[in-house]
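Visitor: A predicted structure for the sequence below; I have some questions about it.
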Amino acid sequence: MSDSLNLAFIGLGVMGGPMTGHLARAGHSVTAYNRSPERAEQWRTTWEAEGLSVNFAETPKQAAQNADIVFTCVGNDADLESVTLGPDGVLAGMRSGALLVDHTTVSANMARELAKSCAARDIDCMDAPVSGGQAGAENGQLAIMCGASDDAMNRAQPVMECYAKTIVHVGPVGAGQTAKMANQMCIAGVLAGLSEAIRLAEAAGLDLDKTYEAISGGAAQSWQMNNRWSTMTADTFDFGFAIDWMRKDLGYALAEADRLGLSSPVTALVDQFYSEVQAKGGGRLDTSALITRLPKGTNTK
């Protein structure tokens, strides 16, 4: 565990809330801010019941004052810009020499532009998007992909270990976001294949539990298979990482691939599939709800 620090955490959603709690449990002095006062009050009640002491600020600027490290975990480029820049943003409150760690999944360009704004104020910056979903945040088992200088990495890593299973320094600023894009492209492709495999097993009349047991111990095994097979076969999707957010992430990935002159036909196709689920009102369902666009076949055995 790292030495006690003054920390600020901006964004108390399904990821940021649990992450903030882990920092407080580790003995850090934490000041939190959330754009929705109702969500902030929910976390205040939860933490007080647990005996945790977390301070709350009325603006990002106020939360960032006197912080050694400021963490942000919001929704997208526009959300990140709103809590970092401007008269009430964290950069207006951060002192020279402090560190900004952004856990939001945003575009690589946003990460680079934010780093420039930080550098102009003598503030260090790193992009550190996370993977592992709500369960990973709650259990302190997130995977973090970091784009930063060596110094920023050395300062942030001991603190991030409060809620992470793996932390990898991928490269300079922007590299963490690009790695996260690759991560999301992999997840999208795996879920598309998993959806079709489950429909095949169902239509053939196979015992789905036995099928999972048979194939999950071999080369087909994946995190998605281990954690989503049972819920996908039970048609349960009211949890986890929302399709709306996955489409946002895939949009960033496709834009970056285009900037690099690359073709990403599988990612583009799965993104289209997700748009179909969105159009039917499934945008807030877990990404594994991709299977719902595939009708169940008829067992002809």
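Guide: Sure thing, it's come through.

Visitor: residues of stretch 44-56 that come out buried?
Guide: Neighbour-count burial for stretch 44-56 flags Arg44, Trp47, Leu52, Val54, Phe56 (criterion: 16 or more other CB atoms under 10 Å). Bear in mind the C-beta positions are built from the backbone N, C-alpha and C, glycine included.

Visitor: Nearest to Lys180 among the residues you listed?
Guide: Minimum distance to Lys180 across these is 27.0 Å, recorded for Val54 (CB to CB).

Visitor: ok, now which ones touch that closest one?
Guide: Thr20, Gly21, Ala24, Val30, Thr31, Ala32, Trp43, Arg44, Trp47 (CB atoms under 8 Å, 6 or more residues apart in numbering).

Visitor: partner residues bridging it?
Guide: Val54 has the following beta-bridge partners by DSSP bridges: Val30.

Visitor: Give me the pLDDT for it.
Guide: Looking at Val54, its pLDDT reads 97.

Visitor: Tell me the spacing between it and Gln65.
Guide: When distance is defined by CB to CB, to the nearest Å, Val54 is 16 Å away from Gln65.

Visitor: likewise Leu100?
Guide: Distance of Leu100 to Gln65, given as CB to CB: 13 Å.

Visitor: Between those two, which contacts overlap?
Guide: Shared contacts of Leu100 and Gln65, counting by CB under 8 Å, 6+ apart, come down to Met94.

Visitor: Farthest-apart pair in the contacts of Val54, please.
Guide: The distance between the two most remote of the contacts of Val54 (CB to CB) is 13.6 Å, for Gly21 and Thr31.

Visitor: In terms of packing, which of the two has more residues around it?
Guide: For Gly21 versus Thr31, neighbours defined as other CB atoms under 10 Å are more numerous around Gly21 (25 against 21).

Visitor: Count the residues that sit near Gly27.
Guide: For Gly27, using other CB under 10 Å, the count is 13.

Visitor: thought it was touching Asn6?
Guide: No: with contacts counted by CB atoms under 8 Å, Gly27 stays clear of Asn6, the gap being 11.9 Å.

Visitor: Output the below-cut-off pLDDT ranges for the stretch 1-150 of the chain.
Guide: 1-2 (pLDDT under 70).

Visitor: And the strands in it?
Guide: Taking DSSP state E, counting those that start in this stretch, the strands of the stretch 1-150 of the chain run over residues 6-10, 29-33, 54-56, 69-72, 99-102, 124-127, 130-131, 142-147.

Visitor: At which residues are the helices of the stretch 51-200 of the chain located?
Guide: 60-64, 77-84, 90-93, 108-119, 133-139, 150-160, 175-203 (DSSP state H, counting those that start in this stretch).
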